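[1] how would this look folded up:
(one chain, ligands or ions: 2)
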Amino acid sequence: SYSAKIGPSILSSDLSQLGNECKRMMECGADYLHLDVMDGHFVPNITFGHPMVECLRNTLGPDPFFDMHMMVSRPEQWVKPMAAAGANQYTFHLEATSNPGNLIKEIRESGMKAGLAIKPGTTVEELAPWAGQIDMALVMTVEPGFGGQKFMEDMMPKVSWLRSQFPSLDIEVDGGVGPSSIHKCAEAGANMIVSGSAVVSSDDPRSVIALLKNVVIE
Ligand code: DX5
Ligand code: ZN
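    Numbers count the residues shown, from 1 in each chain. Ligands and ions are numbered 1, 2, ... in the order given. You can find the predicted model right below:
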């Protein structure tokens with residue numbers, strides 16, 4: 001039976017309380033934490049970098065899986081610092097590098113899993129050549145940069161195609177995913193679900209996480 005992992009994006013939370021917010025999400029049943037790194041250049045917004053990740057690792061302990069979503073122009077630059085800070089997975093954007101193969105190799109050599117992300121305007125055929133070498137494909141369902149945007153349903157064919165071609169690949173969706181869009185994601189074959197505002201801004205994050213995790217496909 002279908003079962004998805006849920007990774008809250010803490011971008012929409014009170015960033016002055018990041019450690020507590022991460023703890024709260026794990027206590028509410030999150031399977032992993034999706035941490036959005038933005039450099040103000042690849043996307044028009046700035047968040048945080050590896051010094052924050054190191055502090056989160058120290059305060060949360062060894063268990064939570066940190067899925068780093070690197071929305072940065074020079075992803076090569078932060079592989080070693082992120083590994084040293086305690087990141088578990090390093091997901092970079094295909095649009096941000098000219099040598100994805102080498103970057104995937106460096107990420108894995110540093111002990112992290114490798115994820116490859118595509119923006120809405122990038123075709124899945126461009127990602128396909130690397131799909132056999134990565135741990136996870138991230139299909140963006142909004143333009144990266146901000147939480148709280150509307151889910152782009154027309155990205156679902158990318159997910160379905162990847163699922164048909166790569167049955168055991170982890171496929172993540174990110175952007176506007178919540179109770180009203182989870183069915184589309186699950187039907188298409190996504191098994192790692194990022195949800196920001198729908199979970200973090202809810203009065204009852206535990207119920208929203210449970211609902212997302214237990215989605216039934218007809
Ligand atoms: C957008 C980020 C997402 C975002 C998700 O650039 O990559 O992770 O925070 O938040 P929601 O679910 O609110 O779209
Ligand atoms: Zn993200």
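
[2] closest point of this structure to ligand 2, which residue?
    Residue nearest to ligand 2 within the chain: H69 (3.7 Å; C-beta to the ion). Every residue, glycine included, has its C-beta placed from N, CA and C.

[3] That residue and C55: what is the separation?
    The gap separating H69 from C55 is 18 Å, by C-beta to C-beta, to the nearest Å.

[4] higher neighbour count, the two?
    H69 (27 against 15; other C-beta atoms under 10 Å).

[5] which other helices and strands contact the strand or helix carrying the more buried one?
    Assigned by DSSP states H and E, H69 belongs to strand 66-71. Under the contact definition 3 or more C-beta pairs under 8 Å, 6 or more residues apart in numbering; DSSP states H and E, strand 66-71 sits against strand 33-38, helix 50-60, strand 89-93, strand 113-118.

[6] how about the ones you listed in CSV, adding mean pLDDT?
    Formatted as CSV, the helices and strands packed on strand 66-71 follow (pLDDT from 0 to 100):
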stretch, mean pLDDT
strand 33-38, 98
helix 50-60, 98
strand 89-93, 99
strand 113-118, 99
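
[7] what ranges do the helices span in this structure?
    Here the chain has its helices, by DSSP state H, at 18-27, 50-60, 79-85, 100-109, 124-127, 156-165, 182-188, 197-200, 205-213.

[8] how big is the angle separating the last one from helix 18-27?
    What that stands for is helix 205-213. Helix 205-213 runs at 60 degrees relative to helix 18-27, counting by axes from the mean of the first three to the mean of the last three C-alpha atoms, to 10 degrees.

[9] what's next to helix 205-213, contact-wise?
    Identification of contacts with helix 205-213 by C-beta atoms under 8 Å, 6 or more residues apart in numbering yields 3-6, 8, 24-25, 28-31, 177-179, 182, 193, 195, 198-199, 202.

[10] how far is that helix from where the chain is centred?
    Its chain's C-alpha centre and that of helix 205-213 lie 17 Å apart, by C-alpha atoms, centre = their mean, to the nearest Å.

[11] ditto for the first one
    Between the mean C-alpha point of helix 18-27 and the mean C-alpha point of its chain there is a distance of 17 Å (C-alpha atoms, centre = their mean).

[12] Is it in proximity to ligand 1?
    No: Helix 18-27 is not in contact with ligand 1 by C-beta under 6 Å from any ligand atom; minimum separation 12.8 Å.

[13] So which residues make contact with that helix?
    Counting by C-beta under 8 Å, 6+ apart, 8, 10, 13-14, 33, 52, 55-56, 59-60, 63-64, 199-200, 205, 209 sit against helix 18-27.

[14] what's the answer for stretch 186-194, then?
    In contact with stretch 186-194 (C-beta under 8 Å, 6+ apart) are residues 2-9, 32, 34, 67, 69, 136, 139, 156-157, 159-160, 162-164, 170-175, 177, 182, 185, 212, 215, 217.

[15] Now the buried members of those.
    Using 16 or more other C-beta atoms under 10 Å as the burial test, the contacts of stretch 186-194 include 4-9, 32, 34, 67, 69, 136, 139, 156, 159, 162-163, 170-175, 177, 182, 185, 212, 215 as buried.
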